[in-house]
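Novice: Structure for the following, please:
(one chain, ligands or ions: 1)
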Amino acid sequence: MDVTGSPDARASDRSAPEPMIRLRGVGKTYADGTVAVHELDLEVGRGELVCLVGPSGCGKSTTLKMINRLIEPTTGTIEIDGRDVTAQDPVELRRGIGYVIQQVGLFPHQKIVTNVMTVPLLYGESRAKARARAHELMDLVGLDPATYADRYPHQLSGGEQQRVGVARALAADPPVLLMDEPFGAVDPVVRVRLQDEFLRLQHELGKTVVLVTHDIDEAVRMGDRVAIFAGGGRLAQYASPADLLGRPADDFVSDFVGSTRGLRRLAVTPIDPAHLEPLDGVRTGDLGAAIDVASTLEEALAVLLRDDKPMVAVKQGAQFVGVLTPNGIHRALRASLAE
Ligand SMILES: Nc1ncnc2c1ncn2[C@@H]1O[C@H](COP(=O)(O)OP(=O)(O)OP(=O)(O)O)[C@@H](O)[C@H]1O
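Specialist: Residues are numbered from 1 along each chain as shown. Next up, the predicted model:
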């Protein structure tokens, strides 16, 4: 199936980085005849974070597991960095691919540090080096080794265990990370915190990430691009969050992103200086707290509502560049569709 056929996909492809993962005509039919994935074409750019999202049973996990060969495709080819994965030794292949799952899969009778050391030890590091690496990784995911290294998995919260899972997946410094519902087992507040932490980490590390989720909010929040799957492993649309919310390819996508997609678009649409109004003549009492021009429309609206003001001042560095009103927000939202 060729999703580049839609104008949306073409538009987002133009800005996509050089492909790191490339699926061509990939299909999976299980032995009982279930078609889990149907002729999937998908490219993930180097350093890109792509979310696979869709209803239960639409083939997201199967797609992910075909990338690291936990499941063999029935048809098609998968390349990572230009090399066909089926031509590589699976163990060798998985060295370059971190894998994070919802159930975390920590060894319950081993300390946290030992859990994280497993991978470096497996690759022949000395115990001292593996321990040092484990401490470094724990720091990276925000778990102080002095507090957590000697604890056992059951002595950690779900969110902390999830961070250990991420640390372990990063242990071999793989260029590619596959994540299957990585934040699914924690409550919504912790989930948002883990998402933020991971985005910060990703910004620093620049891994190529494929993340499976059934949560559209998580997908548009995290993904540089989002692939929406429909039943039977059919790719319904592959586009940036702004494109997906602004121009759903069909009724299925439109329903899936929901009737509140307009609200969601606020969070993925930046302020456009063209829609600001001049500051001259504005009474200070009409202004909410100033926001930076790099903010999203959602942040601007949040300040308007919080401060209960008709407009918000927008700054670029120390300089005021104009004011944004609810009308301006509406115009910016509409204009983002016309781009
Ligand atoms: N070993 C198997 N044998 C037969 N069918 C299978 C097997 N594993 C998965 N399936 C079927 O393949 C389809 C896709 O499954 P998959 O786990 O990829 O979906 P998913 O989108 O990840 O779902 P979820 O969000 O519920 O985890 C489903 O219909 C599932 O029942």
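Novice: Is the most far-flung residue of the chain relative to its centre in a helix, a strand, or coil?
Specialist: Largest separation from the mean C-alpha position in the chain: Gly281, at 43.0 Å (Cα atoms, centre = their mean). Judged by DSSP: H, G, I helix; E, B strand; the rest coil, the three-state class of Gly281 is coil.
Novice: cool, Phe107 as well?
Specialist: Phe107 ends up coil, using three-state DSSP.
Novice: mind pulling up the phi and psi values for it?
Specialist: Phi and psi for Phe107, reported as degrees, to the nearest 10, are phi -80, psi 120.
Novice: who's in contact with the residue nearest to it when sequence neighbours are not counted?
Specialist: Distances taken as Cβ to Cβ, 6 or more residues apart in numbering place Asn115 nearest to Phe107, at 5.6 Å, with adjacent residues excluded. The way it works is simple: take the backbone N, C-alpha and C, and place the C-beta from them, glycine included. Listed by Cβ atoms under 8 Å, 6 or more residues apart in numbering, the contact partners of Asn115 are 106-107, 153, 164, 168.
Novice: OK, contacts around Gly184?
Specialist: Gly184 touches 102, 213-215, counting by Cβ under 8 Å, 6+ apart.
Novice: now Gly142: how far from Arg193?
Specialist: Remark: distance between Gly142 and Arg193 (Cβ to Cβ, to the nearest Å) = 10 Å.
Novice: That should have said Glu39, apologies.
Specialist: 38 Å.
Novice: Those two - which one has more neighbours?
Specialist: The residue with more neighbours, out of Glu39 and Arg193, is Glu39; 17 against 14, by other Cβ atoms under 10 Å.
Novice: does the helix or strand hosting the more buried one come close to the ligand?
Specialist: Using DSSP states H and E, Glu39 falls within strand 35-45. Yes. Under the criterion of Cβ under 6 Å from any ligand atom, the ligand is reached by strand 35-45 at Ala36.
Novice: could you dump that strand to PDB, C-alpha only?
Specialist: Provided in PDB are the C-alpha atoms of strand 35-45 (Å, rounded to 0.1, in the frame of the first residue of the first chain):
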ATOM      1  CA  VAL A  35      -3.800 -10.800   8.400                       C
ATOM      2  CA  ALA A  36      -2.100  -8.700  11.100                       C
ATOM      3  CA  VAL A  37      -0.300  -6.300   8.700                       C
ATOM      4  CA  HIS A  38      -1.100  -5.700   5.100                       C
ATOM      5  CA  GLU A  39       1.500  -4.500   2.600                       C
ATOM      6  CA  LEU A  40       2.900  -1.800   4.700                       C
ATOM      7  CA  ASP A  41       5.200   0.900   3.300                       C
ATOM      8  CA  LEU A  42       6.700   3.100   6.000                       C
ATOM      9  CA  GLU A  43       9.900   5.100   6.400                       C
ATOM     10  CA  VAL A  44      11.300   6.400   9.600                       C
ATOM     11  CA  GLY A  45      14.000   9.100   9.300                       C
END
